[in-house]
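K.L.:
what's the 3D shape of this:
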Amino acid sequence: MKTILVLFLSIVLSHSVWAQSVIHLYAASSMTNAVNELVSDYHQQHPNIRVVPVFGSSSSLARQIEHGAPADVYLSANEKWVHYLVNQGTVSAANVRLLVGNDLVLIQPSDLPAAHFDVGESSAWQAKLDDSRLAVGNTQAVPAGIYARETLQSLGVWQAVQPRLAQTNNVRLALALVERGEAPLGIVYKTDALQSDLVSIVHTFAESHHDPIHYPLVTLSQTPQVDDFVAYMHSTDAQKTLKKYGFNTHLGQATFKEH
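P.N.:
Predicted structure coming up:
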């Protein structure tokens, strides 16, 4: 009888812990729309588990995690900041898997006439920008900004464009500058551009101009609930949702490699 009672209490307590579970997901700003839908869908399947997303630049989130922020899962917009956490000993490379990829695009306000110019010509950039600015994420810290800098350098126009940059703390703010017409051009992810009716895509940059845009998903807490959520993020259903938002869900044999 005592054994049965202990077993019953164990089951009840286990269920109670599961029922009260809260998972903190730290995710890159460019994932906002897709993650919100994924979290909603997951909650419908697991009503007793609440996933709380925290959005920001990948660099800012990585710094917070480094200093002990209560994150259970980290979704970065590039591999650099995950490598940083691995090298700091905060994250194990064994707990990192690439989730999706993305493309980098040049955008303008949708109410402007279509812009046609050679992205490899400094004079074309200068003429288009005139006295205005090119909206980008911070080119030293924000992944979208880092990719933008790599692209402009690869195209040979960095020296001409760099003094005309309007650098922001995350890619969504760069998108907002173009949406409001405060910048005639911006460089953002394709997924961000596709979610806005206020901007149009002028040019999609070739992958050869920048490092691969991969989103690593990092498991920070080892619990059955977190493991289940991470497994869901890699599931066929979740991948369909991510593809709907414009993410590249076929990374081939690409894997996260520890430096």
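K.L.:
ranges for the strands of the stretch 101-250 of the chain?
P.N.:
Shown for the stretch 101-250 of the chain, the strands assigned by DSSP state E, counting those that start in this stretch span residues 104-109, 134-137, 165-168, 185-189, 199-204, 214-219.
K.L.:
so which of these gets nearest residue 67?
P.N.:
The minimum distance between residue 67 and those falls on strand 214-219, with 15.8 Å, by Cβ to Cβ. In this view, the C-beta of every residue, glycine as well, is placed from N, C-alpha and C.
K.L.:
do you know the pLDDT at residue 29?
P.N.:
With respect to pLDDT, residue 29 scores 90.
K.L.:
name the nearest residue to it, ignoring sequence neighbours.
P.N.:
residue 170 (4.1 Å; Cβ to Cβ, 6 or more residues apart in numbering).
K.L.:
and after the lowest-mean-pLDDT helix or strand in the chain, which helix or strand comes next?
P.N.:
Using mean pLDDT, DSSP states H and E, the weakest-scoring helix or strand in the chain turns out to be helix 2-19, at a mean of 46. Following helix 2-19 in sequence order, the next helix or strand is strand 22-28 (DSSP states H and E).
K.L.:
parallel or antiparallel, list what pairs with that next one.
P.N.:
Sheet pairing of strand 22-28 (DSSP bridges) gives strand 50-56 (parallel), strand 73-75 (parallel).
K.L.:
hmm, back to that, let's have the strands of the stretch 101-250 of the chain in CSV, adding distance to residue 52 and mean neighbour count.
P.N.:
Output for the strands of the stretch 101-250 of the chain, formatted as CSV (distance: least, Cβ to Cβ, whole Å; neighbours: other Cβ atoms under 10 Å):
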stretch, distance to residue 52, mean neighbour count
strand 104-109, 29, 22
strand 134-137, 24, 29
strand 165-168, 25, 20
strand 185-189, 24, 30
strand 199-204, 29, 18
strand 214-219, 16, 24
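K.L.:
can you put the ones you listed in a markdown table and add distance to residue 39?
P.N.:
Output for the strands of the stretch 101-250 of the chain, formatted as a markdown table (distance: least, Cβ to Cβ, whole Å):
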| stretch | distance to residue 39 |
| --- | --- |
| strand 104-109 | 26 |
| strand 134-137 | 24 |
| strand 165-168 | 25 |
| strand 185-189 | 20 |
| strand 199-204 | 25 |
| strand 214-219 | 14 |
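K.L.:
before we move on, the earlier item: go through the strands paired with strand 22-28 and pick out the most buried.
P.N.:
Neighbour counts (mean count of other Cβ atoms under 10 Å) averaged over each of those peak at strand 73-75, with a mean of 25.
K.L.:
any weak-confidence spans in the chain?
P.N.:
1-20, 115, 251-254, 258-259 (pLDDT under 70).
K.L.:
which of the helices or strands spans residue 59?
P.N.:
Residue 59 belongs to helix 58-66 when elements are defined using DSSP H and E.
K.L.:
what residues of that helix count as buried?
P.N.:
58, 59, 60, 61, 62, 63, 64, 65 (16 or more other Cβ atoms under 10 Å).
K.L.:
which residues does the residue lying closest to residue 45 once chain neighbours are set aside contact?
P.N.:
Among residues not flanking residue 45 along the chain, residue 232 sits closest, at 7.7 Å (Cβ to Cβ, 6+ apart). Counting by Cβ atoms under 8 Å, 6 or more residues apart in numbering, residue 232 makes contact with 38, 42, 45, 238.
K.L.:
put the buried members of those into a PyMOL selection.
P.N.:
Burial among these is assessed by 16+ other Cβ under 10 Å; the matching PyMOL selection reads:
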select buried, resi 38+42+238
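K.L.:
closest to residue 214 among the contacts of residue 232?
P.N.:
The nearest one, if we look at the contacts of residue 232 relative to residue 214 and count by Cβ to Cβ, is residue 238, at 16.4 Å.
K.L.:
against residue 206, how distant is that closest one?
P.N.:
Going from residue 238 to residue 206 by Cβ to Cβ, to the nearest Å gives 28 Å.
K.L.:
with residue 103 instead?
P.N.:
Distance, residue 103 to residue 206, by Cβ to Cβ: 9 Å.
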